[in-house]
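1. following is a predicted model, sequence given first.
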Amino acid sequence: MANKGVNFLLGFLTGVLTGAAIGLLLAPETGEETRNLLKEKLDEYAEEGKKVFEQVKSKVQKED
């Protein structure tokens, strides 16, 4: 059962990173603007990833 949570987390993070990379590659912005946007988005996604990780961790601990 714990593997489902881990698999979901890995799939979620892979999807987020792939979507962000494609979006940035197709964006018509300068290099500096793209770097700033990338930093902002990575910070947002890192925070969201931490939240999801904590939720999955909490569920796994409750199941044990």
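-> Here it is on my side, so go on.
2. give me the most central residue, this protein.
-> Taking C-alpha atoms, centre = their mean, the centroid of the chain lies closest to L13, which sits 3.9 Å from it.
3. so who does it touch?
-> L13 sits next to 45, 49, 52 when contact means C-beta atoms under 8 Å, 6 or more residues apart in numbering. Using the backbone N, CA and C atoms, a C-beta is placed for each residue, glycine as well.
4. how about 7 Å then?
-> Applying C-beta atoms under 7 Å, 6 or more residues apart in numbering to L13 gives the contacts G49.
5. just L24 next, same as before
-> L24 makes contact with 34, 37-38, according to C-beta under 7 Å, 6+ apart.
6. as a markdown table, those with neighbour count, distance to G19 and pLDDT would be great.
-> As requested, those are exported to a markdown table (neighbours: other C-beta atoms under 10 Å; distance: C-beta to C-beta, whole Å; pLDDT from 0 to 100):
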| residue | neighbour count | distance to G19 | pLDDT |
| --- | --- | --- | --- |
| T34 | 14 | 15 | 79 |
| L37 | 15 | 14 | 82 |
| L38 | 15 | 13 | 80 |
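7. what strand or helix carries the closest residue to F12 other than its chain neighbours?
-> Nearest non-adjacent residue to F12, counting by C-beta to C-beta, 6 or more residues apart in numbering: V52, 6.1 Å away. Using DSSP states H and E, V52 maps to helix 31-63.
8. list the buried ones in the lowest-mean-pLDDT helix or strand in the chain?
-> Ranking every helix and strand in the chain by mean pLDDT, DSSP states H and E puts helix 2-26 at the bottom, with a mean of 80. Buried residues in helix 2-26, counting neighbours by 16 or more other C-beta atoms under 10 Å, are found at 5, 9, 12-13, 16, 20.
9. check stretch 33-45 too.
-> For stretch 33-45, the neighbour count (16+ other C-beta under 10 Å) marks 41, 45 as buried.
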